[in-house]
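Student: here is the input, now give the coordinates:
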Amino acid sequence: MPEKPFEDYLNDYLDENIGIESYADEDKPDPRGKQLAEALIAGAKAEGYTDEDVAPWTDDLERIIADRFASNTDAEVRRLAAEDE
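Tutor: Next up, the predicted model:
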């Protein structure tokens, strides 16, 4: 049994694996969310999380990952803009 709740595992995974990325092309599907969601689930299962641990999050993982990409990139854009001022 994992020593921390899945939500903590999820946040740690996002912190370690979602950096500053270019914005997704709005005219094309962005495969990054699906790829990272699949990798996250595989990693969680390898760490001992069960389907029941992961299931409440499954439908939202791609959105959560996309939101983290956007927020990290937005923060970097703001940081760079502040440097230029």
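Student: buried residues in stretch 68-85, which are they?
Tutor: Under the neighbour-count criterion of 16 or more other CB atoms under 10 Å, stretch 68-85 has 68-69, 72-73 buried. C-beta here means a position set from N, CA and C on the backbone, and glycine is covered the same way.
Student: ok, stretch 48-66 next?
Tutor: Quick answer for stretch 48-66 (16+ other CB under 10 Å): 49, 53-54, 57, 61-62, 64-66.
Student: just how off-centre is that stretch within its chain?
Tutor: Per CA atoms, centre = their mean, to the nearest Å, the displacement of stretch 48-66 from the mean C-alpha position of its chain is 11 Å.
Student: and it, end to end?
Tutor: 25 Å (CA to CA, to the nearest Å).
Student: cool, stretch 55-69 as well?
Tutor: One end of stretch 55-69 sits 22 Å from the other (CA to CA).
Student: residues touching that stretch, excluding its own?
Tutor: With contact meaning CB atoms under 8 Å, 6 or more residues apart in numbering, stretch 55-69 is reached by 6-7, 10, 14, 18, 21, 24, 30, 32-34, 36-37, 40-41.
Student: look up how far E83 lies from the residue nearest the centre of the chain.
Tutor: Centroid-nearest residue in the chain: I65, 3.1 Å away (criterion: CA atoms, centre = their mean). Distance of I65 to E83, given as CB to CB, to the nearest Å: 27 Å.
Student: what does W57 give?
Tutor: Remark: distance between W57 and E83 (CB to CB) = 36 Å.
Student: only whichever of the contacts of stretch 55-69 are buried, select them in ChimeraX.
Tutor: To isolate the buried subset of those in ChimeraX, counting by 16+ other CB under 10 Å, use the following:
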select :6,10,14,18,24,30,33,36,37,40,41
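Student: thinking again about what came up before, which ones among the buried residues of stretch 48-66 are found in helices?
Tutor: 53-54, 57, 61-62, 64-66 (DSSP state H).
Student: would TSV of the residues you listed with distance to K45 and pLDDT be doable?
Tutor: Shown next, in TSV, are those (distance: CB to CB, whole Å; pLDDT from 0 to 100):
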residue	distance to K45	pLDDT
D53	9	95
V54	7	95
W57	13	94
L61	13	94
E62	18	90
I64	18	92
I65	17	90
A66	22	85
